[in-house]
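# Fold the following for me, if possible:
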Amino acid sequence: MNQTHIHLLITHLPIIGSMLGALVLIHGIFTKSDQSKIAAYNIFMLSSIGAVIAYFTGEGAEETVENLQGVIESTIKEHEESALYAFISLIILGSISILGFIATVKKSSITRPLTFVILIISVISFGLVARTGYLGGKIRHTEITNNAALSTENSETKTDD
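Alright, predicted model coming up:
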């Protein structure tokens with residue numbers, strides 16, 4: 001297994017984890033369940049670790065695909081730039097989740113406001129990492145790019161003539 005395999009496998013964890021964690025955290029807020037909040041914080045920490053792995057295996061994945069036919073350099077660059085913002089947001093999310101975990105366990109007075117801050121950061125992180133995943137998918141999944149749709153329309157037009 002090389003960096004490309006690891007990158008492609010692990011990139012789904014931050015995407016799913018940030019959304020799942022937000023849903024679990026919302027459940028914890030509405031039910032006033034510390035166990036649910038702690039579960040959400042653990043999901044966020046795990047997602048953050050996944051983001052670190054995905055970010056640092058990205059370069060190896062780039063080297064694998066950059067010379068393949070049909071891969072556009074600008075698409076890789078756009079994905080790479082987006083990945084930096086997603087990476088930073090998930091590191092912040094994971095770090096503040098550690099604080100949320102500690103505050104919840106110790107029943108600190110900052111637990112409630114911190115929970116809402118973490119929820120906001122998780123939603124922002126999900127948006128950034130979902131966009132990054134979408135841009136990464138465009139590198140090799142031509143079915144999600146506009147060019148594929150145009151190619152299909154052009155080939156249909158040619159066969160109709």
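# which residues of this structure score low on pLDDT?
142-161 (pLDDT under 70).
# can you tell me how far residue 37 sits from residue 25?
Residue 37 sits 6 Å away from residue 25, going by CB to CB, to the nearest Å. In short, each C-beta sits where N, CA and C put it, glycine included.
# and what of residue 70?
40 Å.
# more crowded one of those two?
In this view residue 70 and residue 25 are compared by other CB atoms under 10 Å, and residue 25 has more residues nearby, 26 against 9.
# which residues sit in contact with the more buried one?
Residues near residue 25 by CB atoms under 8 Å, 6 or more residues apart in numbering: 36, 37, 40, 41, 115, 118, 119, 122.
# and if we set it to 10 Å?
By CB atoms under 10 Å, 6 or more residues apart in numbering, residue 25 lies in contact with 36-41, 43-44, 97, 100, 115-116, 118-119, 122-123.
# Can you point out the helix or strand that includes it?
Element membership of residue 25 [criterion: DSSP states H and E] is helix 12-31.
# Show the subsequent helix or strand relative to that helix.
helix 34-65.
# thinking again about what came up before, so how far is the helix holding residue 25 off the chain centroid?
When C-alpha coordinates are averaged (CA atoms, centre = their mean, to the nearest Å), helix 12-31 and its chain have centres 13 Å apart.
# List the buried residues of it.
13-22, 24-26, 28-29 (16 or more other CB atoms under 10 Å).
# Find the nearest non-adjacent residue to residue 29, please.
Of all residues not flanking residue 29 in the chain, residue 115 sits nearest, at 6.2 Å (CB to CB, 6 or more residues apart in numbering).
# Oh, that last question was meant for residue 79, not what I typed.
In space, residue 79 is closest to residue 135, 4.1 Å off (CB to CB, 6+ apart).
# Neighbours of the one you found, how many?
For residue 135, the tally of surrounding residues (other CB under 10 Å) stands at 19.
# The one 3 residues further on now?
Counted with other CB under 10 Å, the burial measure for residue 138 works out to 20 neighbours.
# Which elements pack onto the host helix or strand of it?
Following DSSP H and E, the helix or strand that holds residue 138 is helix 111-140. Under the contact criterion of 3 or more CB pairs under 10 Å, 6 or more residues apart in numbering; DSSP states H and E, helix 111-140 touches helix 3-10, helix 12-31, helix 34-65, helix 73-105, helix 146-160.
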